[in-house]
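Student: heads up, no residue letters with this:
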């Protein structure tokens, strides 16, 4: 667990403007004269009256108390190392406040399978502001879920970190856009003395995933200067699903007996005029497992006879990427005088990764040359459709078709800081520039080449259906590796994002009141943000040239925006025991949206009726400017599975009765693009809590929170769209109430969907395609409780102990997709549930002489079964409890060795016998299992 620390009580004019005025974006975050990690450790050891005044996330005003009106969790580099976490993301994702889920390496078919995003309070990856040393950094160039932008934590080196501060609650009045759920401020090392090397190697006990990491951290100081540097190299081996026996086959489906499990069809040729019976020129045994050792015959429907299945198809995808990363960091200072200091920060990252979503397949249903996937074969004398999955033996083995990612990023900042007015006020001025470049290469089939290989050229048309001759010898025989490669190409995507920013800040005491000084801070900011996403032209929906890529769509986009901001805050001691905090900010945006400007404010109270008790509360407004890709996304295509509610209800069936019926659930093509008419999302945040030092070394904090968000930008969900389209086509809702089919609302919903019409026996008005784009449409309200306990025990004989416990319980997470559409329970509805309703984490640290040990872990709360419907209410799925442990021994004054185990008891996802969708467990659970690590640390001086 990570402890909560509780105390006692390219627009040229803009670019020129930033460079000329030398503004500062980072305010005063972590820019002290001593290393931030050492200062934080000192704060834990000393009583309040000995604390220097420091800046803590949530305010730009220096203070002696770390605990303020809103809760802040602090994670130190020492804690990350002792608790065995390899990355910044792993450490932060163990915190109880991060109850939301994100797409990860299990989502190999997703849009960002090589990035690590946070999800604070379950609102989504873009709703917490991520800062590096108090400054914004460049977003990941690829949009999360092909929709929105967020910061990737995978390229932040653990070697350079001093501490991380997590503010839970809205903070737009201090930091501007995105600080809706909170702020994550990653503070890097400064003024470091000495040099040390750390080598760590590890593996998984279930197989695969070997890893190694080498870190060098050092620093030098002189009379008027300091230099801190860090270098990190990390290598990690991939893991395939074939290396995990609980997810390498469709027989792992827990909803049925293994003997009754149904695979995907490995090879299929259907006679569409004979009830979809399969065509087997030499008999199913000869054409299936007699030719393809990986395939097996099975029966799903007696009327269809034997089918040819590929039970082991899931084994061909990766569940962890292979990585090779190099990160570097430098921070230097120079003192011109006692009151004037210059600093520079440079960091860079180089990441290369390989991943695989499984061997490729070919289906005539995804080739526009056929009519709804169907063609007429004159040799067979019938209408046919096809599906063929290719095995590892055909493509050259596992990993031979991996996608490669090449990512490069850098962040440069420079500035001045000092004091003025007889040292009453501190000031800082900084300019910075951050950039993130990405290039990916993905092997894919060429549409024309694979079609021609199996069915040749089109030789005519009959009744609207193209005529092709299936080459049965080729289709029912394994491919050679050379033949496979002759039909593939590399699909290349180039993307980059950047931000240039600057600001000037000033903070200090204005005047004295009877209860103490009135403090203030003010900041002026300016920034320019850009991104450019250039996918391979052959995967865009508008492409009509040769060599079109099969079954892959992409999204392009690009644009820029400028931002200016002015903010001010005050800390007012009303009484000796009562302090008020006030803040206000105005942000102005210069882009093509309707945002223009956004004003936010916040107020907080700190009441200390006793030296050991703090009662606190905060309220503030927040906003989030539309993500760049929500605005500038160019038309793009995608394929998705939909439930055709109109045809289901038209045929007199209930929604529950035909949800899983393949006649009404099928894949369709969609198109999506950005919306320049978007406005900012507006929010409100409230926290009320108490921090109590019960006795020496024992503190407890409890905080209640509520976050409200209006005008949330989202694409219309297919379920909501198709329900409303069905209402409008049928003239009534599910409950039988009437609907005005001529209303503007109905014209809107029906206009987004194109259907094929009725042409028996081939078409029955199925969906052909639909259009999606983002709107300011939904509202979200979430409420919950955070609690922490921290206790220290010092003994003479048995060493020193630190105990900590953190708990978050989500009381409610409700969403209304459209005004008037009804409140949806995002916390407990199994059809919408994406987040944990509770999380718990803990840590026990022991030190005695040259020995250190740590036991930590976390609990992810229980879940509703995956396919729990209204007429069935089984028990909840059991919570998941993960234990970690580590041991270190100081061998000499300079050398320490250690051993750590993550997931000590090798726990995997809890059993859910309703989950019949691969990988048969919720994607937030890790399939990696136990990992073991050994490390050695050497200090040179």
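Tutor: Nice, I can see it. Remember, it's a predicted structure, so these values are computed and weren't measured experimentally.

Student: May I see the buried residues of the strand or helix carrying residue 685?
Tutor: In this assignment (DSSP states H and E), residue 685 forms part of strand 681-695. Using 16 or more other C-beta atoms under 10 Å as the burial criterion, the residues of strand 681-695 that qualify are 681, 682, 683, 684, 685, 686, 687, 688, 689, 691, 692, 693. For glycine as for every other residue, the C-beta is placed from the backbone atoms N, C-alpha and C.

Student: CSV for these, including pLDDT?
Tutor: Listed next are the buried residues of strand 681-695 as CSV, based on pLDDT from 0 to 100:
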residue, pLDDT
681, 93
682, 94
683, 95
684, 96
685, 96
686, 97
687, 96
688, 97
689, 96
691, 95
692, 95
693, 94
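
Student: Looking at those, which is nearest residue 840?
Tutor: Closest approach between those and residue 840, by C-beta to C-beta: residue 689, at 18.0 Å.

Student: Which residues are in contact with that closest one?
Tutor: Residue 689 is in contact with 71, 615, 616, 617, 701, 702, 703, 704, 786, counting by C-beta atoms under 8 Å, 6 or more residues apart in numbering.

Student: Out of these, give me the two with the largest separation.
Tutor: Across the contacts of residue 689, the longest distance by C-beta to C-beta is 15.4 Å; it joins 615 and 786.

Student: re earlier: using a markdown table, please lay out the buried residues of strand 681-695 together with distance to residue 777.
Tutor: Shown next, in a markdown table, are the buried residues of strand 681-695 (distance: C-beta to C-beta, whole Å):
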| residue | distance to residue 777 |
| --- | --- |
| 681 | 10 |
| 682 | 13 |
| 683 | 15 |
| 684 | 18 |
| 685 | 21 |
| 686 | 24 |
| 687 | 27 |
| 688 | 30 |
| 689 | 33 |
| 691 | 39 |
| 692 | 42 |
| 693 | 46 |
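
Student: for the top helix by length along the chain, which positions count as buried?
Tutor: Determined from DSSP state H, the single longest helix within the chain is helix 718-730. Buried residues in helix 718-730, counted by 16+ other C-beta under 10 Å: 718, 720, 721, 722, 723, 724, 725, 726, 727, 728, 729.

Student: Could you dump those into TSV and include distance to residue 383 and pLDDT?
Tutor: Formatted as TSV, the buried residues of helix 718-730 follow (distance: C-beta to C-beta, whole Å; pLDDT from 0 to 100):
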residue	distance to residue 383	pLDDT
718	29	86
720	35	84
721	31	89
722	28	92
723	33	91
724	34	90
725	29	93
726	29	95
727	34	95
728	33	95
729	28	94
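
Student: Not including adjacent chain positions, what is the nearest residue to residue 423?
Tutor: residue 339 (7.1 Å; C-beta to C-beta, 6 or more residues apart in numbering).

Student: scratch that, residue 890
Tutor: residue 850 (3.8 Å).

Student: Tell me how many other residues surround that neighbour.
Tutor: 12 (other C-beta atoms under 10 Å).

Student: so what's it up against?
Tutor: Neighbours of residue 850 in contact, by C-beta under 8 Å, 6+ apart: 889, 890, 891.

Student: And residue 673, by the same measure?
Tutor: Taking C-beta under 8 Å, 6+ apart, we find residue 673 in contact with 633, 634, 635, 636, 773.

Student: residues in contact with the last one?
Tutor: For residue 773, the contacting residues are 672, 673, 674, 675, 715, by C-beta under 8 Å, 6+ apart.

Student: The residue nearest to residue 423: what's it in contact with?
Tutor: Counting by C-beta under 8 Å, 6+ apart, residue 339 has contacts 418, 419, 420, 423.

Student: Who does the strand holding residue 685 pair with, and is each partner parallel or antiparallel?
Tutor: According to DSSP bridges, strand 681-695 forms sheet pairs with strand 613-624 (antiparallel), strand 698-715 (antiparallel).

Student: Please identify the helix or strand for the residue most central in space within the chain.
Tutor: Central residue of the chain (C-alpha atoms, centre = their mean): residue 117, 3.0 Å from the mean position. In this structure, residue 117 sits in neither a helix nor a strand according to DSSP H and E.

Student: mind showing which ranges of the stretch 751-900 of the chain have poor pLDDT?
Tutor: For the stretch 751-900 of the chain, applying pLDDT under 70 flags the ranges 761-762, 830-834, 868-874.

Student: before we move on, the earlier item: could I get the contacts of residue 339 as TSV with secondary structure and distance to residue 748?
Tutor: Below are the contacts of residue 339 laid out as TSV (DSSP: H, G, I helix; E, B strand; the rest coil; distance: C-beta to C-beta, whole Å):
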residue	secondary structure	distance to residue 748
418	strand	58
419	strand	60
420	strand	58
423	coil	63
